[in-house]
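Peer 1: Could you look at this predicted model? Sequence included:
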Amino acid sequence: MPPNHIIPGLSYNDAPAAIEWLCDVFGFEKKLVVPGEDGLILHAQLVIGTSMIMLGSHRVDPIGKLFCSPKDIDQKNT
């Protein structure tokens, strides 16, 4: 039986900088990065070993309203 995985989805005000920081600091590798207009990241998948995180730029649209940037959670746990 293959292992189960939980893949978190994150939203960042500056997703391009977050991607570079996560890769530089933690050693994630870019599996997929889908750029949008004005430097936004519509979707990105970063992997490390057999683990993955998904992230994108914080946006104000129906999907974006489902997410909150780490900077905007006012020290709450998510």
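Peer 2: Good, I have the coordinates.

Peer 1: Report the separation between the closest residue in space to Ser11 that isn't next to it in sequence and Thr50.
Peer 2: Leaving out its chain neighbours, the residue that sits closest to Ser11 by CB to CB, 6 or more residues apart in numbering is Phe67, at 3.6 Å. Glycine gets a C-beta too; all of them are placed from N, C-alpha and C. Relative to Thr50, Phe67 is positioned 25 Å away (CB to CB, to the nearest Å).

Peer 1: partners of the most centrally placed residue in the chain in the sheet?
Peer 2: In the chain, the centroid-proximal residue (CA atoms, centre = their mean) is Leu55; its distance is 1.8 Å. Leu55 has these beta-bridge partners by DSSP bridges: Leu10, Ala44.

Peer 1: For it, which residues are in contact?
Peer 2: If you count contacts by CB atoms under 8 Å, 6 or more residues apart in numbering, Leu55 has them with Gly9, Leu10, Ser11, Tyr12, Ala15, Ala18, Ile19, Ile41, Ala44, Leu46.
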